[in-house]
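1. Turn this into a structure:
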Amino acid sequence: MQQALPEQELCPLCCAVWLGVCPPFFSPSIRPLLPESFDLAVVLPYRNAHRWLAETLLALVSAAQNLRWQLIAVDDGSTDSGGHLLRRLTAQWPAQQCILLRTPGIGVAAARNIAFRTTQAPIIALLDADDVALPRRLQAPLQRLRAEPHLSHVHGGWLRVSPSGQTLSTVEPWRDGAGFDLRSALTHKAVLPSAWTLRRDAFLAVGGFDESLSHAEDVDLLLRLAAAGHRGSWLNEPLVRYRVHPAAASAHTSAVIDGLASVVERHLIDQPQPWADEIFYGTLTWGAWRAWCSGDQSLALQTLKRARLRCPLPLVRRPVHFLEHISRSCRRDGIGFDHARFCASPFWHQARDLLLQPL
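-> Residues are numbered from 1 along each chain as shown. Down below sits the predicted model:
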């Protein structure tokens, strides 16, 4: 992957040449398309994404060759010039093929909902502005959904890449047993919007994204689709390059953990014990790992203390389970893990002692 565009205005031809993409991609047929004639729409919410938009759009256009597709881009309160750049890059597109909306910072869930309501395309592919579509990002899900009309949504794998584009790991959730029925979705919570494609009618039938959520709105939608009986399937290939940014601030990490825990707990209300406790415990141990990865050991221990209150495992099994969870999560995300060094760390000794405390 090439370096991100500098923060300056570039003409469409310059962007195409810079990224090595044929200029005609920015000059589609001038024949206007009716809103109902699109096979698929791509929903692209963004905020202050100027540095990524040209690369994201060019990869998307390349993946959409020979498709009747529409772009619904939502600028959700940007203060940079990304919106102006996107307008210039799509200036020669046919009427209705690109709809650019602007919202005043209403959040990604609400921005996506507006985009879903705006398009009439029957199939919607999600994409975040800093992720890059792989060549089969649109063709593969469209082919599967056309071939299997009983499916409401399909999901591919993804490549985790650094901000500079270096591949860190390949994520293939189906290899871990992730699925789309409610129990499997609660267990694995495997979802990445940029690799997810849904039928518009199924999305609207369950009410779209919950706009009250600032985090885990994608997991919540996955669980509501499963609870309503909508069937999903994996596409056993990576569909997108998912850009991993440097570790977030502790306040953000804490909000992510709390948001996911709240969503999962909401969906566990009617689930049987002790399975519900097992799922909630697994959710919070993931949160402890996430905090540890971000460098916030205090938050990791606080989260582990919360998890302990719902732990269904016997005392002797708890430290081993947590150690296995950390090792597996690091391996999945391409993070180096030194088992001996970790077990000699003060954090591990504190975590182990905490887990061995009886309730």
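
2. contacting residues for the closest residue in space to Gln297 that isn't next to it in sequence?
-> Excluding its sequence neighbours, the residue lying closest to Gln297 (Cβ to Cβ, 6 or more residues apart in numbering) is Phe347, at 4.9 Å. (Each C-beta comes from the backbone N, C-alpha and C, glycine too.) Applying Cβ atoms under 8 Å, 6 or more residues apart in numbering to Phe347 gives the contacts 292, 297, 300-301.

3. give me the element Phe347 is part of.
-> helix 346-355 (DSSP states H and E).

4. what are the C-alpha coordinates of that helix, in PDB please?
-> Backbone C-alpha positions of helix 346-355 (Å, rounded to 0.1, in the frame of the first residue of the first chain) are rendered in PDB as follows:
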ATOM      1  CA  PRO A 346       4.100  -8.100  37.600                       C
ATOM      2  CA  PHE A 347       0.800  -7.700  35.700                       C
ATOM      3  CA  TRP A 348       0.400 -11.500  35.300                       C
ATOM      4  CA  HIS A 349       1.100 -12.100  39.000                       C
ATOM      5  CA  GLN A 350      -1.600  -9.500  39.900                       C
ATOM      6  CA  ALA A 351      -4.000 -10.900  37.400                       C
ATOM      7  CA  ARG A 352      -3.400 -14.500  38.600                       C
ATOM      8  CA  ASP A 353      -3.900 -13.600  42.200                       C
ATOM      9  CA  LEU A 354      -7.100 -11.700  41.400                       C
ATOM     10  CA  LEU A 355      -8.500 -14.600  39.500                       C
END
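
5. quick one: the strands in the chain?
-> 40-46, 69-76, 98-103, 123-126, 132-133, 151-161, 167-171, 196-199, 231-243 (DSSP state E).

6. Need those in JSON lines (columns: mean neighbour count and distance to Glu324).
-> Output for the strands of the chain, formatted as JSON lines (neighbours: other Cβ atoms under 10 Å; distance: least, Cβ to Cβ, whole Å):
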{"stretch": "strand 40-46", "mean neighbour count": "26", "distance to Glu324": "36"}
{"stretch": "strand 69-76", "mean neighbour count": "24", "distance to Glu324": "39"}
{"stretch": "strand 98-103", "mean neighbour count": "16", "distance to Glu324": "43"}
{"stretch": "strand 123-126", "mean neighbour count": "24", "distance to Glu324": "32"}
{"stretch": "strand 132-133", "mean neighbour count": "24", "distance to Glu324": "33"}
{"stretch": "strand 151-161", "mean neighbour count": "22", "distance to Glu324": "21"}
{"stretch": "strand 167-171", "mean neighbour count": "16", "distance to Glu324": "18"}
{"stretch": "strand 196-199", "mean neighbour count": "24", "distance to Glu324": "28"}
{"stretch": "strand 231-243", "mean neighbour count": "20", "distance to Glu324": "24"}
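
7. which of these has the lowest average pLDDT?
-> Note on the strands of the chain: strand 167-171 shows the lowest mean pLDDT, a mean of 93.

8. one step back: closest one to Asp218 among the strands of the chain?
-> strand 196-199 (7.5 Å; Cβ to Cβ).

9. Flag the shaky bits of the protein, pLDDT-wise.
-> For the chain, applying pLDDT under 70 flags the ranges 1-36, 247-251.

10. same thing but at 90, please
-> 1-37, 94-96, 162-165, 244-252, 331-336, 358-359 (pLDDT under 90).

11. surely Trp292 meets Ala300?
-> Yes: with contacts counted by Cβ atoms under 8 Å, Trp292 reaches Ala300, the gap being 4.2 Å.

12. Would you indicate which residues of the helix holding Phe347 are buried?
-> 348, 351, 354-355 (16 or more other Cβ atoms under 10 Å).

13. if I look at the residue nearest in space to the middle of the chain, how far off is Lys305?
-> By Cα atoms, centre = their mean, the chain has its centre lying nearest to Leu192, at 2.7 Å. Per Cβ to Cβ, to the nearest Å, Leu192 is found 29 Å from Lys305.

14. ditto for Gly282
-> Gly282 sits 16 Å away from Lys305, taking Cβ to Cβ as the criterion.

15. Check Arg341 too.
-> Distance from Arg341 to Lys305, by Cβ to Cβ: 24 Å.

16. Which residue is the nearest non-sequential neighbour of Ser254?
-> Counting by Cβ to Cβ, 6+ apart, the residue nearest Ser254 is Leu299, at 5.8 Å.

17. That neighbour and Ala255 touch, don't they?
-> No: applying Cβ under 8 Å, one finds Leu299 not in contact with Ala255, separated by 10.9 Å.

18. These two: which is more packed in?
-> Leu299 (20 against 15; other Cβ atoms under 10 Å).

19. residue contacts, that one?
-> 250, 253-254, 257, 291 are the contacts of Leu299 under Cβ under 8 Å, 6+ apart.

20. mind listing what Ala205 touches?
-> Contacts of Ala205 (Cβ under 8 Å, 6+ apart): 228, 230.

21. swap in Thr167?
-> Thr167 neighbours (Cβ under 8 Å, 6+ apart): 159-161, 241.

22. Closest one of the residues you listed to Leu40?
-> Arg241 (19.8 Å).

23. Tell me who's in contact with the closest one.
-> Counting by Cβ under 8 Å, 6+ apart, Arg241 has contacts 1, 131-134, 158-159, 161, 165, 167.

24. and those, which two are the farthest apart?
-> Ala133 and Thr167 (15.3 Å).

25. tally of neighbours for Gly336?
-> Gly336 has 6 neighbours, counted by other Cβ under 10 Å.

26. Could you say which one of the strands of the chain comes nearest to Val320?
-> Closest among the strands of the chain, using Cβ to Cβ: strand 167-171, at 24.2 Å.
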